[in-house]
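Peer 1: Just need the structure, nothing else, for what follows:
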Amino acid sequence: MTIILNILLGALVVFLITVATGYFVAQEFGYMAVDRSRLKARAAAGDTGASRALSITNRTSFMLSGAQLGITVTGLLVGYVAEPMIGSGIGQLLGGVGVPQGVGVALGTALALLFSTVVQMVFGELFPKNLAIARPEPVARWLALSTGIYLKAFGWLIWLFDQAAILLLKAVRIEPVEDVQHAATPRDLERIVEESRDSGDLPAELSTLLDRTLDFYERTADHAMIPRPQVASVEADEPVSRVVELMATGHSRFPVLGNGVDDIIGVICLRDVLALGERELDTVQVSEIARSAVMVPTSLPLATVLAQLREADDEFACVVDEYGGLAGVITTEDIAEELVGEIADEHDPEDEGEARVGDDGSWLLPGAIHVDEVERLLGHDLPEGDYETIGGLVINRLRRLPAPGDHVTVDLPRHPGAHDADPDHVITLTVENVDRHVPETVRLELNEATTASSVEEEVTA
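Peer 2: Residues are numbered from 1 along each chain as shown. As a prediction, the model looks like this:
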């Protein structure tokens, strides 16, 4: 009876030590998986547990070292206890039924190690790991107080082991870090938005807005500007009455040009004209009332363009290319459209700049529509290249200026998360009509790739 009680006591001690192992495993995975932004929100609301947990996540490397120390020590203790208390007891029981002593000790040791290994794996490793991953925030908050006490009590020992590891890293020319980067990259966020939209957890409109917001900070003035061929301008020596005529078309601001299209004198807007009052507009030259223009380079990020417009208390800027020429103009409305899509007003022609779906399922697209907008419409990435618009893609593939009826067939790149069984896709772009030598309207057809379209690209004149 004493032997059996000793074996049961050994099993109980092993289980209790295993609980301690599980505690450190839960620390390791709970603090790594927890959402720090939620902890910050709870801490700001006065949650003491969240505040403690947040302070621990700020020392990730130190916490992991402490957890690993606890896991290692408790694992060694299990081995230390299992053999003398369980293995020896089983060996004695087997000896009582005629099993040779050597065989009994070997079997007892093997059974003790098997028992302790199973208990350690299930209750000390797998269960706390899965619990911490499934419920990281409650686990982190619940463990925060005891973890803080443990790290303070054994901080000196953890520090010694930590420093030894740091010295080894530096010896192989690796710079250690104290914290682990938890911030998601823009690519990670794009993938999260896409998966949430596909699963139905995120409405299509909201996912598009989030997608545009993520792209916004990578876009430059060159991407959102109205290109120079589409910009109406006035000469500096023209009468203001000419500006009034142009304003009847719906525009309220115009760049003022001096000697040539690249000599930007300033900008004239509606309020400058109204400020003239009863004066004869035919007798006043544009240069007399033109104001200084906000000038931005094509490479300036849109967020910075918006900041400069706000600083200048203006809504209109001239975009200058690297050679000092006028590349186009950009307004706050153009910048807003990068976030919310096309903004129509009473001056915009009906359907201008809009993509339309034909009866046959094809898309009728403006040639000037940006490639990223087409990608959102199709739900597929388009090939990358030195072009901004779908018309530019057609010209790039034709390698010449297009004529009505020209079409190109282009393979689409596979999605990074696509399965092997997922079909490849191709698009066929047909030039419907041309304006200023470039595609004005393009018809797009999306199809699954076939063996006949194994060639990367087919161009037909």
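Peer 1: any idea of the mean pLDDT in the helix or strand hosting Phe62?
Peer 2: Assessed by DSSP states H and E, Phe62 sits inside helix 60-82. If you average the pLDDT over helix 60-82, you get 87.
Peer 1: same check, this time on stretch 355-367
Peer 2: The model assigns stretch 355-367 a mean pLDDT of 83.
Peer 1: Please enumerate the strands of the protein.
Peer 2: In the chain, the strands defined using DSSP state E lie at 226-227, 234-235, 253-257, 264-269, 294-297, 316-320, 326-331, 356-357, 363-366, 407-411, 425-435, 438-448, 457-460.
Peer 1: export those to CSV and tack on distance to Asp162 and mean neighbour count?
Peer 2: All C-beta spots, glycine's among them, are computed from the backbone N, C-alpha and C. CSV is the format used below for these (distance: least, Cβ to Cβ, whole Å; neighbours: other Cβ atoms under 10 Å):
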stretch, distance to Asp162, mean neighbour count
strand 226-227, 58, 16
strand 234-235, 70, 18
strand 253-257, 62, 22
strand 264-269, 61, 22
strand 294-297, 48, 18
strand 316-320, 53, 24
strand 326-331, 53, 23
strand 356-357, 61, 10
strand 363-366, 59, 20
strand 407-411, 52, 20
strand 425-435, 52, 18
strand 438-448, 56, 18
strand 457-460, 56, 13
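Peer 1: can you redo those as a markdown table with distance to Leu246?
Peer 2: As requested, the strands of the chain are exported to a markdown table (distance: least, Cβ to Cβ, whole Å):
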| stretch | distance to Leu246 |
| --- | --- |
| strand 226-227 | 15 |
| strand 234-235 | 7 |
| strand 253-257 | 6 |
| strand 264-269 | 10 |
| strand 294-297 | 20 |
| strand 316-320 | 14 |
| strand 326-331 | 14 |
| strand 356-357 | 29 |
| strand 363-366 | 23 |
| strand 407-411 | 37 |
| strand 425-435 | 20 |
| strand 438-448 | 22 |
| strand 457-460 | 40 |
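Peer 1: list the contacts for Val319?
Peer 2: Residues near Val319 by Cβ atoms under 8 Å, 6 or more residues apart in numbering: Ala221, Asp222, Met225, Val296, Pro297, Thr298, Leu326, Ala327, Gly328, Val329, Ile330.
Peer 1: Any figure for the gap between the nearest residue to the third one once chain neighbours are set aside and Arg228?
Peer 2: What that stands for is Met225. Excluding its sequence neighbours, the residue lying closest to Met225 (Cβ to Cβ, 6 or more residues apart in numbering) is Gly328, at 3.8 Å. From Gly328 across to Arg228, the span is 5 Å (Cβ to Cβ, to the nearest Å).
Peer 1: for Ser55, same thing?
Peer 2: Taking Cβ to Cβ, one finds Ser55 at 56 Å from Arg228.
Peer 1: So if I had to pick from those two, which one is more boxed in?
Peer 2: Arg228 (18 against 14; other Cβ atoms under 10 Å).
Peer 1: pull the CA atoms of the helix holding Phe62 into CSV?
Peer 2: Extracted in CSV, the C-alpha atoms of helix 60-82 (Å, rounded to 0.1, in the frame of the first residue of the first chain):
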residue,chain,number,x,y,z
THR,A,60,8.9,40.9,-25.0
SER,A,61,12.4,39.5,-25.1
PHE,A,62,12.8,39.6,-21.3
MET,A,63,9.3,38.0,-20.8
LEU,A,64,10.2,35.2,-23.2
SER,A,65,13.5,34.6,-21.4
GLY,A,66,11.6,34.3,-18.2
ALA,A,67,9.0,32.0,-19.6
GLN,A,68,11.7,29.8,-21.2
LEU,A,69,13.6,29.6,-17.8
GLY,A,70,10.4,28.5,-16.1
ILE,A,71,9.6,25.9,-18.8
THR,A,72,13.2,24.5,-18.6
VAL,A,73,13.3,24.3,-14.8
THR,A,74,9.9,22.7,-14.4
GLY,A,75,10.7,20.2,-17.2
LEU,A,76,13.9,19.2,-15.3
LEU,A,77,11.9,18.9,-12.1
VAL,A,78,9.4,16.5,-13.7
GLY,A,79,12.3,14.2,-14.8
TYR,A,80,13.8,14.5,-11.3
VAL,A,81,10.6,13.5,-9.6
ALA,A,82,9.2,10.9,-12.0
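Peer 1: buried sites along that helix?
Peer 2: 60, 62-71, 74-75, 77-78, 81-82 (16 or more other Cβ atoms under 10 Å).
Peer 1: now for it, which elements pack on it?
Peer 2: With contacts taken as 3 or more Cβ pairs under 8 Å, 6 or more residues apart in numbering; DSSP states H and E, helix 60-82 sits against helix 2-33, helix 101-119, helix 136-153, helix 155-171.
Peer 1: swap the cut-off to 6 Å and go again
Peer 2: Counting contacts by 3 or more Cβ pairs under 6 Å, 6 or more residues apart in numbering; DSSP states H and E, helix 60-82 packs against helix 2-33, helix 101-119, helix 155-171.
Peer 1: Next, the angle helix 136-153 makes with the shortest one.
Peer 2: Right, the one you point to is helix 155-171. 100 degrees (axes from the mean of the first three to the mean of the last three Cα atoms, to 10 degrees).
Peer 1: Now do helix 155-171 and helix 60-82, the angle between them.
Peer 2: Between helix 155-171 and helix 60-82, the angle comes out at 110 degrees (the same axes, to 10 degrees).
Peer 1: now swap in the first one and tell me
Peer 2: Relative orientation of helix 2-33 and helix 60-82, computed by the same axes, to 10 degrees: 170 degrees.
Peer 1: if we can go back for a sec, select, out of the helices and strands packed on helix 60-82, the one closest to Val408.
Peer 2: helix 2-33 (47.5 Å; Cβ to Cβ).
Peer 1: now the closest one against helix 101-119, angle please.
Peer 2: Helix 2-33 and helix 101-119 are oriented at 30 degrees to each other (the same axes, to 10 degrees).
Peer 1: Now do helix 2-33: which elements does it pack against?
Peer 2: Helices and strands touching helix 2-33, by 3+ Cβ pairs under 6 Å, 6+ apart, are helix 60-82, helix 88-96, helix 101-119, helix 127-134, helix 136-153.
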